[in-house]
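> coords please:
(chains A and B)
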Amino acid sequence: MVKQLALITGVLAWVGVAAVAVLVVNAWQDDNQVLAFLPILAAVVVAWAIGEVVTHRVFGTWGEE
Amino acid sequence: MTLAKWFPHTQLRDPSWLSFIFGSTQMAPLWLLARAYLGYQWLLAGWHKVYGDERWIAVKGEDGQALRSFWERQTAIPEQGRPAITYDWYRDFLNYMLEHEWYTWFSWVIAIGEVTVGLLLIVGLFTGIAALAGATLNFNFLLAGSASTNPVLFILAVLVLFGWKVAGWIGLDRWVLPALGTPWQPGAAVSTVAHRLERPQRRGLGRFGETGGHA
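Numbers count the residues shown, from 1 in each chain, chains lettered A, B, ... in the order given. The predicted structure follows:
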């Protein structure tokens, strides 16, 4: 159960990144590329942090076993 | 005379700084910037082709009219000056696709391909494959005589391709690659499936009979 929840949380976090990227590109097109890139980068960092706190704690990662 | 006599096996090692850049997880933040920027550029390039008034696909009438115009423009040989395409074989290739009206479905390949490459690079899933696909698109646009951002994106894609092991570390590859593995080293999920597929054969006679099986 814990593993399933961690997996779902991790997947949702990265689906969220894809959603943010699409929304940002759709809203701003290429009006201001620097400004548009920042929310995408921020979303990636948030998803990575969720992965560190939730997914990594449950599953461990590659190269660290 | 064997090939091994002339070319004995000697494994040449990369310098440590090269291994560090392309293989150390400490470089992951840098690769994230390169990968996410590349992905953003691809998403930007592809999104208006799949969605909006000027989209290439799912339009009223025949799809790919924008691509058709692009191909016609690039394959034209001007009376004066140099043509957009340098290589005749590539011009023939585009002309062949034009004559067979392949732009109707090829526009889908390009539009969906660009968006997919962009999203995969942003979330860091199959980063190496996505970078290779992106580089292939850049390469074709360059061959077609369209410079634009393609040279910069091509170099970035090649670099990300070289750093495939670590480029998706801050991304989904961190979990997906160990699960799937590589062609030369199956991951945990693949090994589990392979083990389950082997088990029924061990219980019964196996696919190749009692005595059989592969040597």
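> can you give me the pLDDT of the residue lying closest to residue B:119 once chain neighbours are set aside?
Leaving aside its sequence neighbours, residue B:119 sits nearest to residue A:18 (CB to CB, 6 or more residues apart in numbering or on different chains; 5.1 Å). All C-beta atoms are positioned from the backbone trio N, CA, C, and that covers glycine. The model reports residue A:18 with a pLDDT of 96.
> which ones are touching residue A:18?
Applying CB atoms under 8 Å, 6 or more residues apart in numbering or on different chains to residue A:18 gives the contacts B:119, B:122, B:123.
> now the helix or strand containing the first one - C-alpha only, CSV.
Using DSSP states H and E, residue B:119 falls within helix B:103-123. This file holds the C-alpha atoms of helix B:103-123, laid out as CSV (Å, rounded to 0.1, in the frame of the first residue of the first chain):
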residue,chain,number,x,y,z
TYR,B,103,2.7,15.5,-46.2
THR,B,104,-0.8,14.5,-45.1
TRP,B,105,0.5,12.0,-42.6
PHE,B,106,4.1,13.2,-42.2
SER,B,107,2.8,16.4,-40.7
TRP,B,108,1.3,14.2,-37.9
VAL,B,109,4.7,12.6,-37.4
ILE,B,110,6.5,16.0,-37.1
ALA,B,111,3.8,17.7,-35.0
ILE,B,112,3.2,14.8,-32.5
GLY,B,113,7.0,14.0,-32.6
GLU,B,114,8.0,17.5,-31.6
VAL,B,115,5.6,17.6,-28.8
THR,B,116,6.5,14.2,-27.5
VAL,B,117,10.2,14.9,-27.7
GLY,B,118,9.6,18.1,-25.8
LEU,B,119,7.6,16.5,-23.0
LEU,B,120,9.9,13.5,-22.7
LEU,B,121,12.9,15.8,-22.3
ILE,B,122,11.2,18.0,-19.8
VAL,B,123,10.1,15.2,-17.5
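> so where is chain A shaky, pLDDT-wise?
A:60-65 (pLDDT under 70).
> near chain B, which residues of it show up?
Chain A comes close to chain B at residues A:10, A:14, A:17-18, A:21-22, A:25-26, A:29-30, A:33, A:36-37, A:40-41, A:44, A:47-48, A:51, A:55, A:59, A:61-63, as judged by CB under 8 Å from any CB of the partner chain.
> repeat that for 10 Å
Applying CB under 10 Å from any CB of the partner chain, we find that chain A lies next to chain B at A:7, A:10-11, A:13-22, A:24-26, A:28-30, A:33, A:36-37, A:40-41, A:43-45, A:47-48, A:51-52, A:55-56, A:59-65.
> list the contacts for the nearest residue to residue B:26 once chain neighbours are set aside?
Nearest non-adjacent residue to residue B:26, counting by CB to CB, 6+ apart: residue B:20, 7.6 Å away. Going by CB atoms under 10 Å, 6 or more residues apart in numbering or on different chains, residue B:20 touches B:14, B:26, B:27, B:166.
> could I get those as a markdown table with secondary structure?
Shown next, in a markdown table, are those (DSSP: H, G, I helix; E, B strand; the rest coil):
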| residue | secondary structure |
| --- | --- |
| B:14 | coil |
| B:26 | helix |
| B:27 | helix |
| B:166 | helix |
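> quick check: the farthest pair among those?
Distances among these were taken as CB to CB; the most separated pair is B:14 and B:26, at 16.4 Å.
> the most centrally placed residue in chain A is in what secondary structure piece?
Nearest residue to the geometric centre of chain A (CA atoms, centre = their mean): residue A:47, 2.9 Å. Using DSSP H and E, residue A:47 sits in helix A:33-50.
> check which residues of that helix are buried.
For helix A:33-50, a neighbour-count test (16 or more other CB atoms under 10 Å in any protein chain shown) marks A:36, A:37, A:40, A:41, A:43, A:44, A:47, A:48, A:50 as buried.
> same question for stretch A:16-25.
A:17, A:18, A:20, A:21, A:22, A:24, A:25.
> my guess is the third one contacts residue A:47, does it?
So that's residue A:20. Yes: when contacts are counted by CB atoms under 10 Å, residue A:20 is listed as touching residue A:47 (9.3 Å).
> re earlier: got the buried residues for the helix holding residue B:119?
In helix B:103-123, counting by 16+ other CB under 10 Å, buried: B:103, B:106-108, B:110-111, B:113-123.
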